[in-house]
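>>> Predicted model follows, preceded by the sequence.
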Amino acid sequence: MTTVSAEEIHEPVVPHVSRSGLALSGLAALGIVFGDIGTSPLYTLKTAFDFLHGDPTPERILGILSLLVWTLFMITTVKYVAVAMSIDNEGEGGILALMSLLGVQRQRRPLIVLAGLLGAALIYGDGAITPAISVLSALEGLNIAAPSFEQYVLPCAVAILALLFAVQPLGTSRIGAAFGPIMMVWFITIGILGLWGIAKHPGVLLALNPLYGVRLLASNGYGGFLVLGGIFLCVTGAEALYADMGHFGKRPIRFAWSGIVFPCLVLNYAGQCAIALNGASISDNIFYRLCPQPLLIPLVLLATVATIIASQSIVTGAFSMTRQAIQLGWLPRLHIKQTSEKGYGQIYVGVVNWLLMIVTIALTLLFRKSDNLAAAYGIAVSATMLMTSFLLFIAMREVLQWRLAPSIALAAVFVFIDAGFFAANSLKIMEGGYVPLVLAALVYGAMLIWHRGSAAVASSLEQTPVPVAKFLDDLKTRNIPRVPGTAVFLTRTSNGVPPVMLWHLKQNRALHEHVLVLRVLTESRPRVHWPQLMTIAKEGENFWRVTTHFGFMQRPDIPRLLHQASQKGCAIGLDDVIYYVGHEIVLHKERGAALPHWQEALYAAMLRNASHVTDYFRLPSEQVVEIGRQVSI
């Protein structure tokens, strides 16, 4: 028998990040965390300048730069890097982790659930647009470098996006090590280009005064308000800083942001505005106007690679959030492939990958240019940030134990800023902003229906439990034969004999000599450690009950856990184990249905197509017996 240590069972496999120094960890974070926000200079100012309607006065240009700088500072530095990253769920971040931290599994908090799930669903909607707009904006530099290649920009973008999604099943562990150094080159490059632009018009640094931004908003009325829709694009990747905290920890992300990313972004935005003040044309992508003509093609290539890395980060983030939602019971089980033994975050979710590919390429072909996609971009992230601000207020009070007055004051600032950006982006709904909202609505609907359907099935299966002692006495009275081996019954029930065991006994009229009833629970914490992970109780002769707790960032592995249980006093034989699992077939209840008929049909479809419990719990398929049961909801 293979001996498995407690550490192997109970400690989660987490992504490996070099501990040789903060600098190396920060470098690794550059390639995963900052791809989206790091490539925003490709399209942010270009979009914001469109609201000037051909009238780039110095006051307006300085106002736009001032808004950009202070938006980056208030939203990214203050809200996410300083505040949000101080509120972690045992090291994990992101809106779902925050929702779980606030105890939604221990008490009914529907508003918190609503905010968390809407925020997560909106990230999916925006995730389909990010790769499209990033790759298109990078390749559109060819329109300046070689105008004759303009007709090839769209086909090349589609080909790159198709290749990006096609290689996902292979995993990113082999090329992931190069992401950090490439993004370091990218940030240094855009920083140097920004300095070169600032040297042409140093007066642009006056925009560091926030009054220029205030004057722009105050003196341009409705037009100044519209500019916020373009300004917001500079922080569309800020949510990733919080969500990826579990991969690298707080310090490397904070170090990389403060020491490299934030300064280089500010320098580049200032450089673009400087050459605009100096008379450069803003009719096309002014980002590439910063670059000397001989170096334009290499910059386009570097920008394309950077946007591919940014897109890779978005896709990987979608995979990670999907796994969190599955573990927390908001999505059906999907097949999750671990693409690297070294990193728990290195996963692949096929359904999510191919759906994202279809939607992303469809959006690319539909909108054709990054200018058109910009109208659809931002509304989903601004709504997510607004949801996060509300949750942060509750976390300030309950987790950080702040007093009411400072909590309200800081949260009010965040909500005011986020609400302003959301309102400005909402004006773009008819121009394409409906796309991420529709996608988010579909994801949110799927989450809600799955959760309600699962609760209805669990309620339908509830029955008066048969006491174990009475059950075992009945076996002896009826002379039910006990065959050699160990039977493991997976159940949702906390006591008594599980229904799947009763059905098995009714059909087969025999029971194994050793019986183990196993209940698997997912906690609102990311990780559960020994000894909280597993409790073992002997409830009768050769009858054991094991309750195991996993965090939402841990992978259930039942066979390995049984090895550990046997070492902790559970006297079962592991050489001959059969696993019994129930499989529900949902039927419509004519009276008193828990769900509307259309929702019940959708839930049944998701249940039929969910990943098999054998894969989810890593059960050996040749040792699994599935017992079907019809359930009316």
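Right, received. Where do you want to start?
>>> Low-confidence bits of the chain, can you list those?
Scanning the chain for pLDDT under 70 picks out 1-21, 52-54, 103-108, 172-177, 247, 340-346, 462-464, 530-532.
>>> What residues of the longest helix along it count as buried?
In the chain, assigned by DSSP state H, the helix with the most residues is helix 296-327. Within helix 296-327, the residues scored as buried using 16 or more other Cβ atoms under 10 Å are 296, 299-300, 302-327. In this view, the C-beta of every residue, glycine as well, is placed from N, C-alpha and C.
>>> Now do the next helix or strand after it: which elements does it pack against?
With elements assigned by DSSP states H and E, the helix or strand that comes after helix 296-327 is strand 336-338. The contact analysis (3 or more Cβ pairs under 8 Å, 6 or more residues apart in numbering; DSSP states H and E) places strand 336-338 against helix 296-327, strand 347-349.
>>> one more time with 6 Å, if that's ok
Contact partners of strand 336-338 among helices and strands, from 3 or more Cβ pairs under 6 Å, 6 or more residues apart in numbering; DSSP states H and E: strand 347-349.
>>> I'd guessed residue 244 sits against residue 35; true?
No: using Cβ atoms under 6 Å, residue 244 makes no contact with residue 35, being 10.3 Å away.
>>> Which of these two has more residues huddled nearby?
Between residue 244 and residue 35, counting by other Cβ atoms under 10 Å, residue 35 is the more crowded of the two (28 against 23).
>>> contacting residues around that one?
309-310, 313 (Cβ atoms under 6 Å, 6 or more residues apart in numbering).
>>> With only the CA atoms kept, save stretch 599-607 in CSV.
In CSV, the C-alpha atoms belonging to stretch 599-607 read as follows (Å, rounded to 0.1, in the frame of the first residue of the first chain):
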residue,chain,number,x,y,z
GLN,A,599,-35.4,27.1,-15.7
GLU,A,600,-35.9,23.5,-14.8
ALA,A,601,-35.2,22.5,-18.4
LEU,A,602,-32.0,24.5,-18.5
TYR,A,603,-30.8,23.1,-15.2
ALA,A,604,-31.5,19.6,-16.4
ALA,A,605,-29.5,20.3,-19.6
MET,A,606,-26.5,21.6,-17.5
LEU,A,607,-26.7,18.6,-15.2
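>>> Please, which helix or strand holds the closest residue to residue 64 other than its chain neighbours?
Leaving out its chain neighbours, the residue that sits closest to residue 64 by Cβ to Cβ, 6 or more residues apart in numbering is residue 48, at 5.2 Å. Secondary structure from DSSP H and E places residue 48 in helix 44-50.
>>> right, and the helix or strand after that helix?
Later in the chain than helix 44-50, the nearest helix or strand by DSSP H and E is helix 58-71.
>>> can you list the residues that contact that following helix?
Here helix 58-71 has contacts from 48, 52, 207, 210, 212-213, 216, 231, 234-235, 266, 269, 273, 276-277, using Cβ under 6 Å, 6+ apart.
>>> of all these, which two lie farthest apart?
235 and 277 (23.5 Å; Cβ to Cβ).
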